[in-house]
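Student: quick one, fold the following:
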Amino acid sequence: MPDKLKDMFFTKESIQLFASIILKFYPDFNTKKFQGLIYDENWSTLELKARMRHTTTCLYQCLPKDYIESLVILIKAAPEVKGFEAMTLPDFVEVYGMDHWEESLNALGQFTRYYSSEFAIRPYLDKNPDLAIQYMLSWAESKHDNVRRFASEGCRPRLPWAMILPKFIANPLPVLTVLEKLKNDPSEFVRKSVANNLNDISKDHPDIAIETAERWYGNSPETNWIVKHGLRTLLKQGNIRAMRLFGFGDPAKIQIDDFKLSKEKLTIGEELKFSFELNSKESGAKNIRIEYIVDFVKANGKASQKVFQIIEKEYKPGRHKLERKHSFKNLSTRKHYPGLHKFKLIVNGEPKAEANVLVNK
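Tutor: Model (predicted):
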């Protein structure tokens, strides 16, 4: 079984190294006290994020009482701190810096050159979005790729594993002012964040996301990739306006014939083959996106859907034979359970055919 993340990071060796780096820039740092505070009676029960926060609070108890003085020490140490311990530096600003906005946000801009401050900035964006977004706009013009990515990633309304930003969910326009500065960014690292941010916005404001995509599309191959990736949720949902933007054909003029599964029953661990015929009745060549959905049976007997892409390409009018296979082998990310599993074929966002397979132990 793979090691848990909490046991891979914040090890005794890495925390000892972290303490030695802080000592280098703060000679009065009591490394023995610091490590003693960390390894209390609850340490072994803490998960990864809780260990980070616990390390932050222990660090606070061993640094000068003056926040600004402590911040200067951490900024000096930042380039040398590695691993998950580095996340305690922006976390320190998140927990203790709210009364010192200018110094705290400038520090987050420094820290994010070496490791991400995307989680720590979010309480500031939530408390005063108008002020905090001005820093994001400034960071969007940084010469450092990591800082420019931070400008986008930090203000994502629905950033995974982070607090959501309800004010930006309600009104994403301030976020879009940041993304406008980054839509032609030379770094793929940054562009991917911009696309993910646009995808976040599309979940709550599809029309705003599509209007933005329509303005951006055609600027450059890089921006076109951002738009395509940023509208991926809408494309999966079959949003007609998003489909039209990328030249996808009218699903009403596309037919699926002779959809067959190779088996009616199979055992967990086996492979299922399926085939079908695509019949395009368009007047000319059109982009067609074909996906399939599996309703997986869960442990409680209920169904959980997952979408798999088959192909996305330009097809001429006429009939086209396609074949694919799907494995029911257990994975670390998905365990299979016995029961009736439904397969659905989706063409340009519209369901076209379905069939069932019975999965046994």
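Student: quick one, strands of the stretch 1-150 of the chain?
Tutor: Using DSSP state E, counting those that start in this stretch, the stretch 1-150 of the chain contains no strands.
Student: helices along that one, start to end?
Tutor: Ranges of helices in the stretch 1-150 of the chain, per DSSP state H, counting those that start in this stretch, are 5-8, 12-25, 31-38, 48-62, 67-77, 88-96, 101-111, 122-127, 129-139, 145-153.
Student: can I see the domain layout of the chain?
Tutor: The record assigns the chain these domain ranges, following automatic domain parsing: 5-245, 251-360.
Student: of those domains, which stretch is the most buried?
Tutor: Compared across these, domain 5-245 shows the largest average neighbour count, a mean of 18 (mean count of other CB atoms under 10 Å). (Each C-beta comes from the backbone N, C-alpha and C, glycine too.)
Student: give me the distance from it to the chain's centre.
Tutor: Offset of domain 5-245 from its chain centre (CA atoms, centre = their mean, to the nearest Å): 12 Å.
Student: from residue 128, how far off is residue 316?
Tutor: Remark: distance between residue 316 and residue 128 (CB to CB, to the nearest Å) = 56 Å.
Student: export the domains of the chain to TSV and tack on mean pLDDT?
Tutor: Below are the domains of the chain laid out as TSV (pLDDT from 0 to 100):
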stretch	mean pLDDT
domain 5-245	95
domain 251-360	94
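Student: format the helices of the stretch 1-150 of the chain as CSV; extra columns: distance to residue 198.
Tutor: Converted to CSV, the helices of the stretch 1-150 of the chain look like this (distance: least, CB to CB, whole Å):
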stretch, distance to residue 198
helix 5-8, 29
helix 12-25, 36
helix 31-38, 40
helix 48-62, 27
helix 67-77, 32
helix 88-96, 25
helix 101-111, 23
helix 122-127, 17
helix 129-139, 15
helix 145-153, 9
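Student: those: which one's closest to residue 349?
Tutor: Between residue 349 and the helices of the stretch 1-150 of the chain, the tightest spacing by CB to CB is seen for helix 145-153, at 27.1 Å.
Student: helices and strands around the closest one, which ones?
Tutor: Judged by 3 or more CB pairs under 8 Å, 6 or more residues apart in numbering; DSSP states H and E, the packing partners of helix 145-153 are helix 101-111, helix 129-139, helix 173-182, helix 188-204.
Student: which residues touch it?
Tutor: Applying CB atoms under 8 Å, 6 or more residues apart in numbering, the set of residues contacting helix 145-153 from outside is 108-109, 112-114, 116-118, 121, 136-137, 139-142, 159, 178-179, 181-182, 185, 187, 189-190, 193-194, 196-197.
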